[in-house]
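> just to be clear, the model below is a prediction. Sequence and coordinates:
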Amino acid sequence: MDTISVSNLDGSKHSVIIEDGLDWPRAIAGDPRSGFMFWTDCGMYPKIEKAGMNGDYRESIVTADLMWPNGIAIDYFAELLYWVDTKMHTLSSCDFDGFNRRTIINSNTVLPHPFSIAVFEDEVYWTDREKASIQKANKYDGSSKTNLLTDLNNPMNLRVMHPLIQSNLSENYCGKDNGSCSYLCVAAPQVSDRSTRYSCMCPNGQYIMDDNHTCTSSGPKGKVRQQGIGIKKERKGPSGI
């Protein structure tokens, strides 16, 4: 549907956050501390974008020297983004604003078809669909390359699970009484010391009232979000992505 959405973990509540300007969105990662999410787009104009988890403050942060930016991951402690580009055979990093960009690995033999990526401590991990493997390397300079698993059947998405990654990096402002939101509560982008810590989201077809907590299908504030019903235009993505 060319959208970015949020839901409860059981899928019981759902809201569309980004519904415009997406061509071929591929991978996504969120940082609840800053309230921002990051995603890759492999469409006609490849890019890496950033927006608040509530959809505010959207901007393109990497637009040059990209072709098929497939996987993206956050190094929460270093506050860096890592991504792999399948067509350029690269593994790169930058800060949350797209600056201080570095190419860590550039090799069509090491990265013939990288797809997904994860970061943990001093290492970066990725899947490669051509090599049918999961590999890792030093996240700073790409050294110590290691094949962890081989002869896999079309490996795609990859996550590292560890207590350090799941630790309480920031206070959950939605954790108590759902932030007093009537529907969904999400982290808000922290752009200044006065930024609110969370936002209340509404389902399609409803919008937030003046109290910024209650959803309604009619009222004076904002434009009613239209229900996402229609026929999806058929198209082809980048070949072999």
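Thanks, I have the structure now.
> beta-bridge partners for the residue most central in space within the chain, please?
When CA atoms, centre = their mean is applied to the chain, the residue found nearest the centroid is Ile28 (1.9 Å). Under DSSP bridges, the beta-bridge partners of Ile28 are Trp39.
> partners of the worst-scoring helix or strand of the chain on mean pLDDT in the sheet?
Each helix and strand of the chain was given a mean pLDDT (mean pLDDT, DSSP states H and E); the minimum falls on strand 207-208 at a mean of 88. Strand pairing for strand 207-208, determined by DSSP bridges: strand 215-216 (antiparallel).
> how far off centre is the partner strand?
Distance, stretch centre to chain centre, for strand 215-216: 27 Å (CA atoms, centre = their mean, to the nearest Å).
> go on, stretch 103-123?
For stretch 103-123, the separation from the chain centroid amounts to 17 Å (computed by CA atoms, centre = their mean).
> what comes up buried for that stretch?
The neighbour-count check on stretch 103-123 (16 or more other CB atoms under 10 Å) flags Ile104, Ile105, Val110, Leu111, His113, Pro114, Phe115, Ser116, Ile117, Ala118, Val119, Phe120 as buried. Backbone N, C-alpha and C define where each C-beta goes, glycine included.
> so for the residue nearest to the centre of the chain, what's the pLDDT?
With respect to pLDDT, Ile28 scores 97.
> so who does Ile165 touch?
Listed by CB atoms under 8 Å, 6 or more residues apart in numbering, the contact partners of Ile165 are Tyr76, Phe120.
> so is it in a helix, a strand, or just coil?
Secondary structure, DSSP: H, G, I helix; E, B strand; the rest coil: Ile165 is coil.
> now it. Its backbone dihedrals?
Dihedral pair for Ile165: phi -70, psi -30, per degrees, to the nearest 10.
> show me what contacts Glu59?
Counting by CB under 8 Å, 6+ apart, Glu59 makes contact with Glu49, Lys50, Ala51.
> redo that, cut-off 6 Å
With contacts taken as CB atoms under 6 Å, 6 or more residues apart in numbering, Glu59 has the following neighbours: Lys50.
> circling back to that earlier point, so which of the buried residues of stretch 103-123 belong to strands?
In strands, defined here by DSSP state E, the members of the buried residues of stretch 103-123 are Ile104, Ile105, Pro114, Phe115, Ser116, Ile117, Ala118, Val119, Phe120.
> can you lay out those as CSV showing pLDDT and distance to Ala132?
Formatted as CSV, the entries for those read as follows, by pLDDT from 0 to 100; distance: CB to CB, whole Å:
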residue, pLDDT, distance to Ala132
Ile104, 98, 22
Ile105, 98, 18
Pro114, 96, 12
Phe115, 96, 11
Ser116, 97, 13
Ile117, 97, 17
Ala118, 97, 18
Val119, 96, 22
Phe120, 95, 22
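> so which of those is the closest to Tyr173?
Ranked by distance to Tyr173 (CB to CB), these are led by Val119 at 25.4 Å.
> quick check: the closest one touching Asp75?
Yes. Val119 is in contact with Asp75 according to CB atoms under 6 Å; the separation is 4.6 Å.
> sorry, back to before: what's the farthest-apart pair in the buried residues of stretch 103-123?
Farthest pair in the buried residues of stretch 103-123 (CB to CB) is His113 and Phe120. Separation: 22.2 Å.
> and Asp85, what are its bridge partners?
On DSSP bridges, the residues paired with Asp85 through beta bridges are Pro69, Thr90.
> pretty sure Asn54 is in a helix, no?
No. Assignment of Asn54 by three-state DSSP gives coil, placing it outside any helix.
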